[in-house]
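S.K.: Predicted structure and sequence below. I'll ask about it afterward.
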Amino acid sequence: MLLEVRNLQTHFKIGRKKTVHAVDGVSLKIEENEILGLVGESGCGKSTLGKTLAGLQPRTGGHIIFRGKELPQRYSVADFRRNSREIQMIFQDPYASLNPRMTVKEIISEPMRLQAGGGSSDYGPLVGQWLERVGLKPEHMARYPHEFSGGQRQRIGIARALILQPKFVVCDEPISALDVSVQAQVISLLQELKETLGLTLLFIAHDLSMVRYISDRMAVMYLGSVIEEGPSDEVYFEPKHPYTQMLIASNPAPDPALERSRPHDPPKGEIPSPINLGEGCRFAARCPEAMPHCHTETPKPKHTDSKRMIACHLY
């Protein structure tokens, strides 16, 4: 077991009596050299969960255990320096995650310089190797981020995250801002690096088809909680939770004619506010299968077999 998350909570105070439950009671296990796909609607807490695992956001409660050792609740400078060799993050927006005043060489070599405590070592040859590894050219290291396309910038971000050769990488929607053709290139690159470097990935995305393609297991998140988890093909083709079924049904078909002909039944009801969440299933107000006790009793995670987990009163 590489990473284990137990009852993780990340809350944000927005007033004297108001608390946003961005991540609320998430428990996950990620095996070594595995890709876990995390899906859900915007605002469900996926990115907050990823930032909390990477130490960029302090957690409110729960435990994060990496390689048998619990990670600190709030990182110090020493914690970042120590854990960044093992845990890294690829950010969603390649236009915002790179410093426009730094050259590519400075951006990619920065993790090495921080680990070394500064100094004037020349990391040019190593940066050139990583540029080639992610599909760019060594002569690109003298350029600035504005001189690259979105896909090229994301490749620079991947090189920066992986130059320390970490074991666990949080990929926070790394393809959402890219064109479809570039998305396929980035996905192929991540798969290749996973095989050659033995990476373990948490892959956060909206595209269910892409998540099914790249990940070994899939976890579905709704309003701060994981409500279904299992092997990607099983979750995608045999969804059990009504919310997962709704997500799969909303995924567009690749054939435009088929997409136009199939019926569309959008979900009814409003998404509850993540502020001061009470008892009951968080999907009950929108669920076509809701029963009276769904509104008053919070469903506990149930394991239908050794691989599938579902948090629903129907099971």
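M.R.: Perfect, I can see it now.
S.K.: all strands for the chain, in order.
M.R.: Listed in chain order, the strands of the chain (DSSP state E) span 3-13, 19-30, 35-39, 61-66, 69-70, 87-90, 168-172, 200-204, 217-222, 225-231, 302-303, 309-310.
S.K.: Can you flag the weakest of the ones you listed by average pLDDT?
M.R.: With a mean of 88, strand 302-303 has the lowest mean pLDDT of the strands of the chain.
S.K.: ok, and what's touching it?
M.R.: If you take CB atoms under 8 Å, 6 or more residues apart in numbering as the criterion, strand 302-303 is touched by 309-312, 315. In short, each C-beta sits where N, CA and C put it, glycine included.
S.K.: Domains in the chain, by residue range?
M.R.: 3-86+166-310, 102-165 (automatic domain parsing).
S.K.: Output the ones you listed as CSV; include the columns distance to A96 and mean neighbour count.
M.R.: Formatted as CSV, those follow (distance: least, CB to CB, whole Å; neighbours: other CB atoms under 10 Å):
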stretch, distance to A96, mean neighbour count
domain 3-86+166-310, 9, 17
domain 102-165, 10, 17
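S.K.: Out of the contacts of strand 302-303, which comes closest to R67?
M.R.: Among the contacts of strand 302-303, M309 lies closest to R67 (CB to CB), at 23.0 Å.
S.K.: check contacts around the closest one.
M.R.: Residues near M309 by CB under 8 Å, 6+ apart: 226, 228-230, 301-303.
S.K.: what are the bridge partners for it, then?
M.R.: For M309, the residues forming beta bridges with it (DSSP bridges) are E229, H303.
S.K.: how far away is it from H206?
M.R.: Separation of M309 from H206 (CB to CB, to the nearest Å): 21 Å.
S.K.: Could you export the helix or strand bottoming out on mean pLDDT in the chain as PDB, keeping only the C-alpha atoms?
M.R.: Within the chain, confidence by mean pLDDT, DSSP states H and E is lowest for helix 256-261 among all helices and strands, at a mean of 81. Extracted as PDB, the C-alpha positions of helix 256-261 are listed here (Å, rounded to 0.1, in the frame of the first residue of the first chain):
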ATOM      1  CA  PRO A 256     -22.800  12.400 -33.300                       C
ATOM      2  CA  ALA A 257     -25.800  10.600 -34.900                       C
ATOM      3  CA  LEU A 258     -26.100   8.300 -31.900                       C
ATOM      4  CA  GLU A 259     -25.800  11.200 -29.500                       C
ATOM      5  CA  ARG A 260     -28.600  13.100 -31.200                       C
ATOM      6  CA  SER A 261     -30.900  10.100 -31.300                       C
END
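S.K.: Please name every helix or strand in contact with it.
M.R.: Contact here means 3 or more CB pairs under 8 Å, 6 or more residues apart in numbering; DSSP states H and E; on that basis helix 256-261 packs against no helix or strand.
S.K.: how about the helices in the stretch 1-150 of the chain?
M.R.: Remark: helices assigned in the stretch 1-150 of the chain by DSSP state H, counting those that start in this stretch are 46-53, 77-83, 104-115, 124-133, 150-162.
S.K.: got the angle between the last one and helix 104-115?
M.R.: If I follow you right, that is helix 150-162. Angle of helix 150-162 versus helix 104-115, following axes from the mean of the first three to the mean of the last three CA atoms, to 10 degrees, is 20 degrees.
S.K.: Which pLDDT value belongs to G118?
M.R.: On the pLDDT scale, G118 is placed at 64.
S.K.: Which one of the strands of the chain lies nearest to G151?
M.R.: The stretch from the strands of the chain with the least distance to G151 (CB to CB) is strand 87-90; that distance is 13.2 Å.
S.K.: between the domains of the chain, which one is nearest to Y95?
M.R.: Closest to Y95 of the domains of the chain, according to CB to CB: domain 102-165, at 6.6 Å.
S.K.: how close does the residue nearest the centre of the chain sit to K51?
M.R.: In the chain, the centroid-proximal residue (CA atoms, centre = their mean) is I204; its distance is 2.9 Å. The gap separating I204 from K51 is 10 Å, by CB to CB.
S.K.: Now for these two: what residues contact both?
M.R.: Joint contacts of I204 and K51 (CB under 8 Å, 6+ apart) are 170, 172.
S.K.: which residues touch the residue nearest to the centre of the chain?
M.R.: 37-39, 46-47, 49-50, 170-173.
S.K.: Please repeat the previous calculation with a cut-off of 6 Å.
M.R.: Shown in contact with I204 (CB atoms under 6 Å, 6 or more residues apart in numbering): 38, 46, 50, 172-173.
S.K.: One more: H241?
M.R.: Here H241 is in contact with 227-228, 310, 312 (criterion: CB under 6 Å, 6+ apart).
S.K.: could you pull out the helices for the stretch 201-315 of the chain?
M.R.: Counting by DSSP H, counting those that start in this stretch, the helices of the stretch 201-315 of the chain are 208-214, 232-237, 242-250, 256-261.
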